[in-house]
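J.: got a predicted structure plus its sequence, pasted below:
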Amino acid sequence: MIELQGITKSFSSLQVLKGIDLTIDKGEVVSIVGPSGAGKTTLLQIMGTLDKPDTGRILLNGTEINRLKERELAAFRNREIGFVFQFHQLLPEFTALENVTIPALIQGVSSGEARRRAVEMLEFMGLSERASHKPAELSGGEKQRVAVARALINHPSVVLADEPSGSLDTHNKEELHRLFFELRDKLGQTFVIVTHDEGLASQTDRTIHMLDGRIL
Ligand code: ADP
């Protein structure tokens, strides 16, 4: 599903990634752990095509990312990659349902079909009752589940999550983690999750330990 070969990245004189080779299979839930500053977020951003490596190749579902032009890359990213961040990043002026439809509308899906998919996704997340609520009217756990629904609306190859439960209390955290594994089991969804949560990391199929720009 994902293949990274020889990825390096520097920010001015600081080399943050020092040659990363990594393969992730379809249906795997992989966690990336390591101390602050190890390069985890930078690696995830590069995997998600939000940032470019200085050297190295990235293959995502058979497509070599480096070869795509900016417009093709934006469409590819919207279709193939779902993102979940620590802070939900939902648009405050739109309802939960509308937020979930957005990536599908960008993809050119009709509004009726986008709505149908969003209703189905929110139902899967146990949020049907909350569909017409705006983010400010939702709890932290609900907002994060709406963000997961939004990440999944285009049936992406992979969901990349950066500290997805970092701002949640224990109950909501455990509920969100359970959801990831349920999505893996029912839909074969692939996840790469940067986390400081040892409980989550211990449940994933594989844990990648990073230190100082390298995989240990
Ligand atoms: P982690 O996620 O493991 O905490 P990051 O990938 O966020 O690590 O950061 C790794 C290092 O790169 C840190 O020293 C950070 O300050 C630096 N860094 C990250 N992004 C940038 C940027 N856009 N510009 C300059 N330095 C950055």
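T.: Received it, and whenever you're ready, just let me know what you need.

J.: so Ser36 versus the ligand, what's the distance?
T.: Going from Ser36 to the ligand by C-beta to the nearest ligand atom, to the nearest Å gives 4 Å. The way it works is simple: take the backbone N, C-alpha and C, and place the C-beta from them, glycine included.

J.: do Gly82 as well
T.: Gly82 is 19 Å from the ligand, by C-beta to the nearest ligand atom.

J.: over to Ile81: give its phi and psi.
T.: Reported as degrees, to the nearest 10, the phi and psi values for Ile81 are phi -130, psi 130.

J.: show me what it is bridged to.
T.: Beta-bridge partners for Ile81, by DSSP bridges, are Val158.

J.: identify the bridge partners of Val33.
T.: Assessed by DSSP bridges, Val33 has beta-bridge partners His209.

J.: need the pLDDT of it.
T.: With respect to pLDDT, Val33 scores 98.

J.: what's the local residue count around it?
T.: For Val33, the count of nearby residues is 21 (other C-beta atoms under 10 Å).

J.: tell me the contacts of the residue nearest to Gly126 when sequence neighbours are not counted?
T.: Distances taken as C-beta to C-beta, 6 or more residues apart in numbering place Arg145 nearest to Gly126, at 7.4 Å, with adjacent residues excluded. Neighbouring residues of Arg145 by C-beta atoms under 8 Å, 6 or more residues apart in numbering: 125-127, 175-176, 179.

J.: in ChimeraX, how would I select just the buried ones from those residues?
T.: What follows is the ChimeraX syntax for the buried subset of the contacts of Arg145, where burial is set by 16 or more other C-beta atoms under 10 Å:
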select :125,127,175,176,179
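
J.: which member of the contacts of Arg145 is positioned nearest Pro164?
T.: Leu176 (6.3 Å; C-beta to C-beta).

J.: give me the number of residues near the spatially closest residue to that closest one that is not a sequence neighbour?
T.: Closest residue to Leu176 apart from its sequence neighbours, by C-beta to C-beta, 6+ apart: Ser165 at 5.1 Å. Using other C-beta under 10 Å, Ser165 has 26 neighbouring residues.

J.: could you shift the numbering so residue one becomes 228, and keep it that way?
T.: From this message on, residue numbering opens at 228, which makes the last subject Ser392.

J.: I'd like to know how far Ser392 sits from Glu340.
T.: 31 Å (C-beta to C-beta, to the nearest Å).
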